[in-house]
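**Q** take a look and give me a structure for this.
(2 chains)
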Amino acid sequence: MTRTTQWLYGWLLLLPAAALLALFTHYPAAATLWQSFHSTPRAGRGSVFVGADNYRQLLDDPIFWQSLSNNLWYAAGTIPLSIGLALLMAAWVNGRIPGRGLLRLAYFTPTVLPMIAVANIWLFFYTPEYGLLEKLTAALGLQTHNWLGSKNTALGCLMAVTVWKEAGFFMIFYLAALQQISPYLAEAAAIEGASRWYFFRRVTFPLLMPTTLFVLVNAVINAFRLVDHVVVMTRGGPDNATELLLYYIYEIGFRFWDPAYAATLTIVLLAVLGLAALGQFGILERRVHYR
Amino acid sequence: MSAAVYRAGPLARSFETAGAWIVGALWILPLAYAFWTAFHASEFSTRFVPSAPLTLENFARAWIAAPFARYFVNTIVLCAMILAGQLVLCTLAAYAFARFAFPGRALLFALVLLQLMVTPDVLIVENYRTMSGLGLRDTIVAIGLPYMASAFGIFLLRQTFKTVPAELDEAARIEGCSPLQVLWKVYVPLARPVYIAYSLVSVSYHWNNFLWPLIITNSVEARPLTVGLQVFSATDQGIDWSIVTAATLLTTAPLLIGFLLFQRQFVQSFMRAGIK
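**A** Below you'll find the model as predicted:
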């Protein structure tokens, strides 16, 4: 095969996928940036260039700041907790524990369910008076509390749902990685007199680093990408306590029909995701061994 | 831990077992609760009397309260269409990246991988505009189109194709196979487990996807199950939890049953998709 036919084949094979990617990923990303410098067309007035006006509006928008800070808290709360739990679950079901198959099933099942169904189930769980949580706290003699209706607990409730849904998913990857670690390593370490915790900290954990990186990337993307449960459970309330960035974009874009401002918010979301990507691949890559 | 030599002492071990089971119970509790509510009359929905009679009435009432049959058809069509598109497009693109040298390959690959971070789920505003421009709003095609060229699928298949020995490729060409025939006769059969893994991951993702379908559809004819379920539970059904949980279980049943039957394949598929 000549060089030119190689080129031709390569490009032609790539063409269909590249066209769709360009149309639904690269073009919209660029168009979002373009729109963020323009106004939303209103009756009798088309879209005009407004410079940084949308960004000025953004800086003065308290709901935007709250949604950003909510989202960062949400990420900071759910990511370490679900990854830590995933690792613990994987270690449990990798060892010889009674009822191992059943436990694996219990941990993994939430992953298969749609977030929207999960949210419906948990909504019932949290319901004032009727919900299971209320029954439990009442049995303990605690005061009744509107878990999703209170500013202090609503975001925490959503975080619990996310951790419940994601830990089992991440567990699978840790389980796969644990099964690939040679048992001779543990034997050798035991002969050397290393303690169990020391072995985990110095051998198992570093060997799991590539998995941790993969899981972390997924967890970060999900923390900013998945807002289905907000739609079902709280709609951003009470008092914007559960307003997450993507949900705010959805509200601005499709309930207040202000695509220009929604585009500006999307740019912030893309920047956050980009920063996360840079951070993960820049800082963590150096600490990941044995690739 | 990873080996028998590091088994904990009896006390620590019973603590661990207890911990594992407590977490396991916590994980199954919301589901068990949903099952209880769905299979009992509403007066028992929060009263856990073991003698409470089982009933299927909640399911029957949910089924007629909303066009779930139509939603099921829509979701199945949607998942099949996305998967078919993904398999074809990703196979061709992965083959190009794995086995052909052409200018711009590294740059194009980086542009593909960009989609792992900048997912279509985030670009809802502009994609809505594009779909309106194409006249596709409120169609099943519009739900699926942004997901068909999947960076994840291209990456996964490229990694797999790269492990195919070049000798096999050459042998097939000497036999007179064209590049597309080589792809079909050598690469695709060898990547079968990866195709199965990717298909399971893809179907469960799109069966469950919600925000984009919610935005781009507004009629019964195009709505998938997730959106239908939300429309159903958010309107007048808000208070009757028995029916809402029945509807919830109904819409997830095929996936849940499939998962329980093929648990091992499911778990292995997710693993395989992650390791690459």
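**Q** can we go C-alpha only for contacts and neighbour counts from here?
**A** Will do.
**Q** check contacts around A:A241.
**A** By C-alpha atoms under 8 Å, 6 or more residues apart in numbering or on different chains, the residues touching A:A241 are A:Q66, A:N70, A:K151, A:N152, A:A154, A:L155.
**Q** the least confident helix or strand in chain A by mean pLDDT: which residues count as buried?
**A** Across the helices and strands of chain A, the lowest-confidence element by mean pLDDT, DSSP states H and E is helix A:132-139, at a mean of 76. By 16 or more other C-alpha atoms under 10 Å in any protein chain shown, the buried positions in helix A:132-139 come out as A:L132, A:L133, A:E134, A:K135.
**Q** ditto for stretch B:174-187
**A** Quick answer for stretch B:174-187 (16+ other C-alpha under 10 Å): B:C177, B:P179, B:V182, B:L183, B:V186, B:Y187.
**Q** so which of the residues you listed are in helices?
**A** The helices, defined by DSSP state H, take in B:P179, B:V182 from the buried residues of stretch B:174-187.
**Q** what sits closest to B:N218 if chain neighbours are left out?
**A** Residue nearest to B:N218 in three dimensions, not counting chain neighbours: B:D138, with 6.0 Å by C-alpha to C-alpha, 6 or more residues apart in numbering or on different chains.
**Q** same question but for B:A247, I mixed them up
**A** B:A62 (5.6 Å).
**Q** pretty sure the one you found sits against B:S242.
**A** No: counting by C-alpha atoms under 8 Å, B:S242 is not a contact partner of B:A62; they are 9.2 Å apart.
**Q** is the least confident helix or strand of chain A in proximity to chain B?
**A** Yes: applying C-alpha under 8 Å from any C-alpha of the partner chain, one finds helix A:132-139 touching chain B at A:L132.
**Q** counting contacts, what elements does that helix pack onto?
**A** helix A:115-126 (3 or more C-alpha pairs under 8 Å, 6 or more residues apart in numbering or on different chains; DSSP states H and E).
**Q** B:A62 and B:S242: which is more packed in?
**A** More crowded of B:A62 and B:S242, by other C-alpha atoms under 10 Å in any protein chain shown: B:S242, with 29 against 21.
**Q** just checking, what packs against whichever strand or helix holds the more buried one?
**A** Element membership for B:S242 (DSSP states H and E) is helix B:241-261. Helices and strands touching helix B:241-261, by 3+ C-alpha pairs under 8 Å, 6+ apart, are helix A:100-112, helix A:115-126, helix B:10-38, helix B:57-65, helix B:225-234.
**Q** adding mean pLDDT, write those helices out as TSV.
**A** Rendered in TSV, the data for the helices and strands packed on helix B:241-261 read as follows (pLDDT from 0 to 100):
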stretch	mean pLDDT
helix A:100-112	85
helix A:115-126	85
helix B:10-38	84
helix B:57-65	83
helix B:225-234	84
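**Q** out of these, nearest to A:P28?
**A** helix B:225-234 (24.0 Å; C-alpha to C-alpha).
**Q** now do that closest one: distance to the chain's middle.
**A** Distance of helix B:225-234 from its chain centroid, counting by C-alpha atoms, centre = their mean, to the nearest Å, is 18 Å.
**Q** residues in contact with that helix?
**A** A:114, A:116-117, A:232, B:66, B:68, B:71-72, B:74-75, B:207-210, B:213-214, B:220, B:244, B:247-248, B:251.
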